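Trainee: Sharing a sequence plus its predicted fold:
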Amino acid sequence: MAQSNDLPNRVDRLENDSIDIKMAVSVLLSTVEIHQRDMEAFRINADRTNQNVEAIVQIMQQSLQRMEIMESDIRGLQTENRRILDILQRNAGEP
């Protein structure tokens, strides 16, 4: 008989436990949704960062190409200056 007297208490505890479990599941679902939003925002930021890095790499490659052209031009000017200096020195040595 003790068990039948305890039955309403047991039902109340089960109902309370069920409510607690539903609340816990609800909180977990909310947490998952928050994390999903955070991960999506992170992915979007990571994509933007990758695009920015790619743009910077392109700019650096273009700059390097320009520097190589300038270096070639400078070498050509140095060669031309040496040739002119040699001509001037030869002409200065002539009577």
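Mentor: The structure has been received and is ready for your questions. Numbering: from 1, shown residues only.
Trainee: The host helix or strand of Gln62 packs against which elements?
Mentor: Element membership for Gln62, per DSSP states H and E: helix 2-93. Helix 2-93 is packed against no helix or strand, with contacts defined by 3 or more C-beta pairs under 8 Å, 6 or more residues apart in numbering; DSSP states H and E. Where you see a C-beta, it was placed from the backbone N, CA and C, and this is true even at glycine.
Trainee: Quick one: mean pLDDT for that helix?
Mentor: Taken as a whole, helix 2-93 has a mean pLDDT of 95.
Trainee: Tell me how far it lies from the chain's centre.
Mentor: Distance of helix 2-93 from the chain centroid (C-alpha atoms, centre = their mean, to the nearest Å) equals 1 Å.
Trainee: Over to stretch 88-95?
Mentor: Stretch 88-95 sits 64 Å away from the centroid of its parent chain (C-alpha atoms, centre = their mean).
Trainee: May I have stretch 33-49 exported as PDB, CA atoms only?
Mentor: C-alpha atoms of stretch 33-49 as PDB (Å, rounded to 0.1, in the frame of the first residue of the first chain):
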ATOM      1  CA  GLU A  33      21.500  28.100 -32.700                       C
ATOM      2  CA  ILE A  34      23.700  30.800 -31.200                       C
ATOM      3  CA  HIS A  35      26.800  28.700 -32.100                       C
ATOM      4  CA  GLN A  36      25.500  28.100 -35.600                       C
ATOM      5  CA  ARG A  37      25.100  31.900 -36.100                       C
ATOM      6  CA  ASP A  38      28.500  32.500 -34.600                       C
ATOM      7  CA  MET A  39      30.100  29.900 -36.900                       C
ATOM      8  CA  GLU A  40      28.300  31.400 -39.900                       C
ATOM      9  CA  ALA A  41      29.600  34.900 -39.000                       C
ATOM     10  CA  PHE A  42      33.100  33.400 -38.500                       C
ATOM     11  CA  ARG A  43      32.900  31.800 -42.000                       C
ATOM     12  CA  ILE A  44      31.800  35.000 -43.600                       C
ATOM     13  CA  ASN A  45      34.700  36.900 -41.900                       C
ATOM     14  CA  ALA A  46      37.100  34.200 -42.900                       C
ATOM     15  CA  ASP A  47      35.900  34.400 -46.500                       C
ATOM     16  CA  ARG A  48      36.400  38.200 -46.500                       C
ATOM     17  CA  THR A  49      39.800  37.800 -45.000                       C
END
